[in-house]
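Participant: Sharing a model prediction with you, sequence too.
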Amino acid sequence: KPGEPLLFLDMEEVAEANNFVARLETMKPEPAPPVFEPTVSRTDFDGARVLNGGTVLLDGDRYRMWYTAVARDEVLGGNWYDHVYVGYAESEDGLSWKRVPTGANLTFRGRPAPNLIKGVEHNACVFIDPADIPSRRYKAVNFEMRLHRYDVVKATGQPGYLGLPRRGWLATSPDGFNWKREEIVVDFPGTEPFSVTPQKVLYDPDDPDSNRRYKAIGWSALASKLRGATMAYSPDCRHWTVAERSPLIDSIAAVTPIRPAGPYAQIHDASMCRIGRYLLAFYGYQFDGETADIRLAVSRDGEHFNFVF
């Protein structure tokens, strides 16, 4: 169509190619990372070993970050997700960040935690929904992991819980600080994987299928340590359907030559945006115990992704 961008990343638009090589340039961070780190005190909710993922949004004239912090203290025991918390920070340029109080006056282990966020799950998958009313403008989505389900069975002694429909949660907020949660529906028309964890939600009004107006992409695993990336779709953010073929972005085929997926050869993080007819998926490939990088895959239909090597 006139004015529509064409991306030559997957070469399907190119009829003939002579004497050139298509390649992506290596991105060089500046300033060198990290630009946001744990606090100096290990007694803070975000002062422990790692800050792990979350969301950054340009909202008006500021960048807003909802980040996850692993505050686990080994002496506490319990489930790992009981020690993952969500914090909040802001930036004017996306590089210099500061923790900003939310006004909720929350505490963590008896100490003030002014930028702690309650009501958002550990994946901190926050997005702005321009189609909803102002009081529900900010949203966050999470799906129940099978690990959660096993823990419920252990706690209740009711193995039949594993056969019930998997639950999900939608959190909504007027300001990104104060959240309300409601339970939502997650359907699996295909094989139900071990886990599906949304990491990015895209409001996609340009999709001609109204049942796919909202798209969530995130890591998925048929087994605990065999992570790839998959998608889920929704017409209203309350009823989600996970792609029948999962994972859509398979870690086994994400490198050349192909190498078997395992504890390290896996896709651990995924994000997505739309440009014209294309969905661009940026995913984190954990190549081994020391190396992880960001790679790119392209889709025209939301079901089939071509790797850009």
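Facilitator: Cool, the structure landed. Residues are numbered from 1 along each chain as shown.
Participant: so where do the strands sit in the stretch 201-309 of the chain?
Facilitator: With DSSP state E, counting those that start in this stretch applied, the stretch 201-309 of the chain shows strands at 214-221, 227-234, 239-242, 266-275, 278-286, 292-299, 305-308, listed in chain order.
Participant: got these as a markdown table, with mean neighbour count, distance to Asp61 and mean pLDDT columns?
Facilitator: For the C-beta atoms, the positions are set from N, CA and C on the backbone; glycine is no exception. A markdown table is the format used below for the strands of the stretch 201-309 of the chain (neighbours: other Cβ atoms under 10 Å; distance: least, Cβ to Cβ, whole Å; pLDDT from 0 to 100):
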| stretch | mean neighbour count | distance to Asp61 | mean pLDDT |
| --- | --- | --- | --- |
| strand 214-221 | 26 | 26 | 92 |
| strand 227-234 | 26 | 30 | 92 |
| strand 239-242 | 20 | 33 | 96 |
| strand 266-275 | 20 | 21 | 89 |
| strand 278-286 | 20 | 25 | 91 |
| strand 292-299 | 17 | 27 | 88 |
| strand 305-308 | 19 | 33 | 88 |
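Participant: Would you mind telling me which of those strands is nearest Ser91?
Facilitator: Closest of these to Ser91 is strand 266-275, at 18.1 Å (criterion: Cβ to Cβ).
Participant: same for the closest one, what does it pack against?
Facilitator: In this structure, strand 266-275 packs against strand 195-203, strand 214-221, strand 227-234, strand 278-286, with contacts taken as 3 or more Cβ pairs under 8 Å, 6 or more residues apart in numbering; DSSP states H and E.
Participant: can you give me the helices for the stretch 101-250 of the chain?
Facilitator: For the stretch 101-250 of the chain, the helices defined by DSSP state H, counting those that start in this stretch cover 146-156.
Participant: re earlier: any chance of the strands of the stretch 201-309 of the chain in JSON lines, plus distance to Glu4?
Facilitator: Putting the strands of the stretch 201-309 of the chain into JSON lines (distance: least, Cβ to Cβ, whole Å) gives the following:
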{"stretch": "strand 214-221", "distance to Glu4": "20"}
{"stretch": "strand 227-234", "distance to Glu4": "23"}
{"stretch": "strand 239-242", "distance to Glu4": "28"}
{"stretch": "strand 266-275", "distance to Glu4": "10"}
{"stretch": "strand 278-286", "distance to Glu4": "10"}
{"stretch": "strand 292-299", "distance to Glu4": "15"}
{"stretch": "strand 305-308", "distance to Glu4": "19"}
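Participant: right, so of these, which gets closest to Asp187?
Facilitator: Ranking the strands of the stretch 201-309 of the chain by their distance to Asp187 (criterion: Cβ to Cβ) puts strand 239-242 first, at 4.8 Å.
Participant: which other residues reach that closest one?
Facilitator: Strand 239-242 has contacts (Cβ atoms under 8 Å, 6 or more residues apart in numbering) with 141, 143, 168, 184-190, 192-193, 196, 211, 216, 230-234.
Participant: Try it again at 10 Å.
Facilitator: Contacts to strand 239-242, defined as Cβ atoms under 10 Å, 6 or more residues apart in numbering, come from residues 141, 143, 166, 168, 170, 184-193, 196, 198, 211-212, 214-216, 220, 230-235.
Participant: Partner strands of it and their direction?
Facilitator: In the sheet containing strand 239-242, its partner strands are strand 180-187 (parallel), strand 227-234 (antiparallel), by DSSP bridges.
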